Structure formats: C-alpha cells, structure tokens
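Everything below, folded, please.
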Amino acid sequence: MPHSDDSSRSSDAPVATNTPETSVDPSLVTSPGAEAAGAHVDRHLTIDGVAMVRLLGPQDRLLTTIEKQFPGVTVHVRGNEVTLSGERAEVNQAAALVDELIALVKNGLDLDPEGVRSSAKMLDEGQSPSGVMSQAILSSRGKTIRPKTAGQRDYVEAIDENTITFGIGPAGTGKTYLAMAKAVQALQRKEVTRIILTRPAVEAGERLGFLPGTLTDKIDPYLRPLYDAVNEMMDPELVPKLLAAGTIEVAPLAYMRGRTLNDSFIVLDEAQNTTPEQMKMFLTRLGFGSKMVITGDVTQVDLPTGSSGLRLVTRVLREIDDIHFAELTSDDVVRHTLVGRIVDAYSEYDQTKQAQRFEREQAAEFANRAERRGAPRDRQPRRGSAS
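As a prediction, the model looks like this:
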C-alpha cells in the first residue's frame with residue numbers, strides 16, 4: 001500500500017530535517033508488510049538548487065561512494081531525481097546522507113569520496129556533517145579551509161576559547177594546518193600583530209651531518225613545511241614582504257629563549273621533539289594579547305635520548321584553566337584512507353608490545369621476589385656442620 005513521506009520518516013534511523021533543497025515523492029512504493037523495519041521501499045528525492053555533478057562527482061564517483069556506504073541500497077539517478085531502493089532503515093540512512101551532502105554543497109564545500117565517507121560516519125555517531133564541516137576558517141585562492149571531522153571542529157573551537165591549546169594526535173589529522181589557518185585568520189582580523197611559527201631542529205632518525213651555507217640555509221630544511229603552509233594560505237607575493245617586515249616569523253625553537261612574545265599568534269610544531277626544559281622555556285615566552293598552539297604526535301619522538309617535553313606537559317599542566325589539550329585520533333585523519341589504517345595498525349602493535357613488556361616485567365619481578373625469599377635459607381648453615 002502507498003505510504004506518505006511522514007510515514008517513511010518514522011523509522012528507527014534519524015533523517016536530517018534541514019533539507020529544503022530536496023523534495024520527496026509523497027508516494028513510496030513498498031512491498032506487502034511495509035510497516036516492518038526490514039520492508040523494501042523505493043524512495044524518490046528531487047534535487048533542486050544544486051548542480052548534480054557537484055553532488056555526484058565527476059563520472060559519478062561520489063554516487064559510487066554512497067552505494068559502498070550502504071550496500072543494501074540501490075541508487076538510480078535520472079535528471080535531478082534520485083531513487084533509493086532497499087530496506088526501509090538503510091534507505092532512510094542513505095537519504096539522510098544525501099540531504100547532508102546537499103547542505104554541504106550549498107555551503108560551498110567541494111565534496112570528495114573521503115568527505116562522503118566521513119559524513120556517513122558522523123551520521124552513524126549522531127552528528128550533523130553540515131554542522132561540522134560548514135565552519136569556514138579561511139579562504140585563499142578559491143580554496144576554503146575548514147574542519148572536516150568532529151574532532152577537528154572541537155580543536156578549532158578550543159583554539160578560539162583558550163590562550164594555550166595543545167593539539168596532540170597522529171599524522172594527517174590537520175593539527176598544524178588548522179593551527180596555522182587560525183593564525184592567519186587572527187592576523188587578517190587584526191587580533192594579533194604578528195605570527196610566529198617555530199619547531200625544534202631535530203632530524204627524523206637520520207644524521208644529515210653538517211649542512212653547507214649560512215645559518216639560515218642550515219635551518220631552512222627543518223622549517224620548510226611551515227613556509228609551504230604559509231604560502232598556501234596567503235598570497236605568495238605578499239608572504240616575502242611580511243617575512244621581511246617581521247609580521248610573519250619562522251624560526252627554530254632555540255631562537256625563542258630570552259624573548260617575551262606580545263600580541264602574537266605562536267605555533268610550535270613537532271613539539272614531541274622538545275625536551276622538558278625546552279617546553280618550559282617556550283611556554284614561558286607567552287606575553288600579553290598572545291595565543292599559543294602547540295602540536296605534536298607523541299608516537300613519533302625523534303629525540304636521541306631523554307624524555308619528550310610534550311609527554312611531560314600533558315601530566316603537568318592538564319588541570320590549569322585556559323590551557324586545553326585536544327586529543328585527535330585516527331578518526332580525524334584527512335589524508336589518504338590508508339593513513340588512518342596505518343595509524344591504527346601501529347597503535348595496535350604498540351599496545352601489544354606494551355602488554356608483552358608489562359608481562360615480562362611482572363614475571364621478572366615475581367622471580368626476583370621468589371629468589372629473595374629463598375636466598376636466606378640457602379645461606380643458613382647445615383646442622384652439625386663446623387662453625
């Protein structure tokens with residue numbers, strides 16, 4: 001029997017309500033017993049106000065991604081009409097995803113397969129992708145920088161609300177990129193008068209030896225990722241002038257000692273390679289009207305010896321007001337999908353190794369205790385032996 005759109009939305013799966021861009025055919029063709037959650041339905045969505053190529057992607061790549069997210073749903077597109085066929089619950093979930101993707105396109109976001117997968121995951125977690133990914137930070141040369149996951153959104157909001165923010169997480173989570181975007185935004189809004197970007201000059205497990213050239217030439221390779229990000233976010237012709245005027249400063253961490261940084265937005269990258277002394281030195285450079293963001297990955301420490309200042313500071317400063325620790329995970333990785341899987345695989349391996357090491361230490365401690373208990377008896381003289 002035919003069902004109205006209202007009855008189709010009364011399933012267990014939530015459907016986005018802020019969807020003026022789509023209209024649903026008032027008749028849903030269902031098989032007998034459609035009231036059951038697993039009943040087969042055909043749902044028709046009419047897309048208005050959005051170019052279909054932006055919604056479905058070139059050669060329907062995004063359409064293929066939607067189908068992979070919901071294997072039980074068949075998607076047919078004809079003109080500006082999308083038909084979803086399958087079990088009611090899964091069809092409603094797919095319709096909610098399409099609604100959110102339309103809202104993202106309306107807000108100027110260029111969709112890609114990873115964005116579709118991320119949106120589907122957020123919907124599963126009860127979050128609105130359009131609410132997360134519509135928060136634009138910066139626009140440069142036709143490209144808009146914005147958080148792409150709930151974790152990134154929380155990180156960006158923490159930067160706005162706190163004087164010192166730590167962004168800790170694996171590679172590819174956008175820790176440094178988003179921090180630098182917020183720095184450029186603050187400079188453009190005249191909230192600060194300069195940007196200071198710094199990182200420790202530590203080699204990633206290799207001994208490069210003595211590099212030729214001046215001091216600037218020697219440290220430039222370590223700071224090159226920061227230069228690249230600045231050039232991407234600002235007019236390349238303007239960047240050299242700002243560098244020459246000191247409005248933007250890119251320097252190694254060693255240059256921070258003895259300075260007080262007022263009215264500045266300071267970003268410390270690769271903070272896992274700071275020593276505890278360097279971390280304390282850097283944090284105490286904070287001046288009036290300034291904001292600090294410290295980023296790093298505690299699983300990629302390149303220090304030859306000693307402990308990481310980033311690891312220590314998470315225990316020392318966690319309870320202090322106006323200091324926030326944003327923990328990003330593999331769910332926030334926005335690089336190739338393999339990066340998130342690699343991060344998870346290494347995390348699982350590290351946890352296994354830690355468990356094995358703990359078991360060995362416990363066994364060794366038990367053996368040592370048993371040996372200490374038995375030692376006095378072994379040293380007691382036998383009865384009848386000469387004194």
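
what distance separates the start and the end of stretch 155-172?
14 Å (CA to CA, to the nearest Å).

Pull the distance from that stretch to the chain's centre.
10 Å (CA atoms, centre = their mean, to the nearest Å).

Neighbours of Glu361, how many?
Residues near Glu361, counting by other CB atoms under 10 Å, number 10. C-beta coordinates here come from the backbone N, C-alpha and C atoms, glycine included.

ditto for the one 5 residues further on
Phe366: 10 surrounding residues under other CB under 10 Å.

Mind telling me what element it is part of?
Using DSSP states H and E, Phe366 sits in helix 337-379.

Could you do Gln93 as well?
Per DSSP H and E, Gln93 falls inside helix 88-106.

Tell me the buried residues in that helix?
88-105 (16 or more other CB atoms under 10 Å).

what helices or strands is it leaning on?
Counting contacts by 3 or more CB pairs under 8 Å, 6 or more residues apart in numbering; DSSP states H and E, helix 88-106 packs against strand 22-24, strand 40-47, helix 52-56, helix 61-69, strand 81-87, helix 113-124, helix 129-133.

Give me whichever of those is most buried.
Greatest average neighbour count among those goes to helix 129-133 (a mean of 22), per mean count of other CB atoms under 10 Å.

Relative to the whole chain's centre, how far out is that helix?
Per CA atoms, centre = their mean, the centroid offset for helix 129-133 relative to its chain is 14 Å.

go on, stretch 323-334?
5 Å.

Asp60 - how many residues pack around it?
Other residues close to Asp60 by other CB under 10 Å number 15.

Can you name the residues that contact it?
Going by CB atoms under 8 Å, 6 or more residues apart in numbering, Asp60 touches Val77.

Ok, which of the helices and strands packed on helix 88-106 comes nearest Leu223?
helix 113-124 (28.8 Å; CB to CB).

Kindly export that closest one (C-alpha atoms) in PDB.
Taking C-alpha atoms only, helix 113-124 is exported to PDB below (Å, rounded to 0.1, in the frame of the first residue of the first chain):
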ATOM      1  CA  PRO A 113      34.900  10.400  -1.600                       C
ATOM      2  CA  GLU A 114      36.600  10.900   1.700                       C
ATOM      3  CA  GLY A 115      34.200  13.600   2.600                       C
ATOM      4  CA  VAL A 116      31.300  11.300   1.800                       C
ATOM      5  CA  ARG A 117      32.700   8.500   4.000                       C
ATOM      6  CA  SER A 118      33.400  11.000   6.800                       C
ATOM      7  CA  SER A 119      29.800  12.300   6.500                       C
ATOM      8  CA  ALA A 120      28.300   8.800   6.700                       C
ATOM      9  CA  LYS A 121      30.400   8.100   9.800                       C
ATOM     10  CA  MET A 122      29.300  11.300  11.500                       C
ATOM     11  CA  LEU A 123      25.700  10.400  10.900                       C
ATOM     12  CA  ASP A 124      26.200   7.000  12.400                       C
END
